[in-house]
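Chemist: no FASTA, just this:
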């Protein structure tokens, strides 16, 4: 069995991702592996600010930037606190851009042995149709082993 030396865990601060974080921390603890937590600030929402034809459009964009930044900082802080409680000091990375591309870029450059992501159970055709299903997209393109945690 291959033992991971460097684990990438992707977070977004949601409940299903929290379980993936704990799984990653446990594996890092068991194998003495380095752990890196990646949060991607997705600028998807910002494109809708172009639709605001008001004097406050720039204020709206700045507010959205601050809110997205804070959300990421909070998620990374929670992860760091969980890891620290287990005696693990993680590296944390926050990036801006398309989540799929940013994760694949990090996998390519980071020298990881394993990637761990939270995954939602999608029920019914409507949820599947509306879902971006990032874990599946990464799985199809990732050159390294991957674990999904629900």
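Modeler: In hand now; what should we look at? Just so it is clear, the model here is predicted, and its values are computed rather than measured.
Chemist: Any figure for the gap between residue 15 and residue 102?
Modeler: 22 Å (Cβ to Cβ, to the nearest Å). Placement of C-beta: from N, CA and C, glycine included.
Chemist: Between these two, point out the one with more neighbours.
Modeler: Neighbours were counted for residue 15 and for residue 102 using other Cβ atoms under 10 Å; residue 102 has more, 19 against 8.
Chemist: so for the helix ranked longest in the chain, what's the average pLDDT?
Modeler: Counting residues, the longest helix found in the chain (DSSP state H) is helix 57-85. Helix 57-85 shows a mean pLDDT of 88.
Chemist: Show me what secondary structure element comes after the helix or strand of the chain with the lowest mean pLDDT.
Modeler: The helix or strand of the chain with the poorest confidence is helix 124-130; it has a mean of 47 (mean pLDDT, DSSP states H and E). Next helix or strand after helix 124-130 toward the C-terminus (DSSP states H and E): helix 134-141.
Chemist: Buried residues, that next one. List them.
Modeler: 134-135, 138 (16 or more other Cβ atoms under 10 Å).
Chemist: So, low pLDDT: which residues of the protein?
Modeler: 1, 45-57, 120-132 (pLDDT under 70).
Chemist: repeat that for 90
Modeler: Within the chain, the segments meeting pLDDT under 90 span 1-3, 12-16, 42-68, 119-137, 150.
Chemist: For it, which strand extends over the most residues?
Modeler: Using DSSP state E, we find that the single longest strand of the chain is strand 34-41.
Chemist: that older thread, so which bits of the longest helix of the chain are buried?
Modeler: In helix 57-85, counting by 16+ other Cβ under 10 Å, buried: 68, 72, 75-76, 79-80, 82-83.
Chemist: so what's residue 96 closest to, chain neighbours aside?
Modeler: Counting by Cβ to Cβ, 6 or more residues apart in numbering, residue 41 is the residue found nearest to residue 96 once chain neighbours are left out, at 4.7 Å.
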